[in-house]
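> got a sequence here, can you build the structure:
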Amino acid sequence: MHLNDVCETIRINDDAVRDVQSKMLPNETVFKGAEIFKLLGDPTRVKLLYALSQRELCVCDLSAVLGMAQSAISHQLRVLRGAHFVKFRKEGKIVYYSLSDAHVSRLLAMGVEHAEEQ
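Numbering: from 1, shown residues only. Got it, this is the predicted structure:
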């Protein structure tokens, strides 16, 4: 920590503190939000979500796109499905995956946009 990074005196703005405290998120929302970011903290899951943001794909297709074993892809898809990030539909013997909704798509797009600005 640099000396310029902190206040040089202790002076609390009570109005500002009360204002922000009244707008703070409930703990349950904070914990759920943290779980979302934890899920997005895995590069494989980000790649899977990005691939699925392009189009619906089956596990075989995702395996070929990412150059990974189908078992590894299936494991990550189970995690993403459990978090409601992806959904699936079965057509005969093939299971197709897609993003669960526009929220996931927007969250991914914002993360990519922010990363590209760095």
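> for the spatially most central residue of the chain, give me phi and psi.
Residue closest to the average C-alpha location in the chain (Cα atoms, centre = their mean): Leu40, at 3.6 Å. Comment: the main-chain dihedrals of Leu40 come out as phi -80, psi 0, following degrees, to the nearest 10.
> next one: Phe88
Dihedral angles of Phe88 (phi, psi; degrees, to the nearest 10) stand at phi -140, psi 160.
> quickly list what it is bridged to.
Beta-bridge partners of Phe88, counted by DSSP bridges, are Tyr97.
> now do the contacts for the residue nearest to the centre of the chain.
If you count contacts by Cβ atoms under 8 Å, 6 or more residues apart in numbering, Leu40 has them with Val46, Leu49, Leu107, Leu108, Gly111. Heads up, the C-betas are built off the backbone N, CA and C, glycines and all.
> which helix in the protein has the most residues?
Looking across the chain with DSSP state H, the single longest helix is helix 102-117.
> buried residues, that one. List them.
For helix 102-117, a neighbour-count test (16 or more other Cβ atoms under 10 Å) marks Val104, Leu107, Leu108 as buried.
> and which of the residues you listed is nearest Gln118?
Ranked by distance to Gln118 (Cβ to Cβ), these are led by Leu108 at 16.3 Å.
> tell me the pLDDT at the closest one?
Each residue has a pLDDT score; the one for Leu108 is 92.
> test my guess that it contacts Leu49.
Yes - A contact is recorded between Leu108 and Leu49 when judged using Cβ atoms under 8 Å, the distance being 5.2 Å.
> now the common contact residues for those two.
Leu40, Leu99.
> returning to that earlier point: show me what the longest helix of the chain is packed up against.
helix 43-54 (3 or more Cβ pairs under 8 Å, 6 or more residues apart in numbering; DSSP states H and E).
> show me what the helix it packs on is packed up against.
If you count contacts as 3+ Cβ pairs under 8 Å, 6+ apart, helix 43-54 packs onto helix 59-66, helix 70-82, strand 86-91, strand 94-99, helix 102-117.
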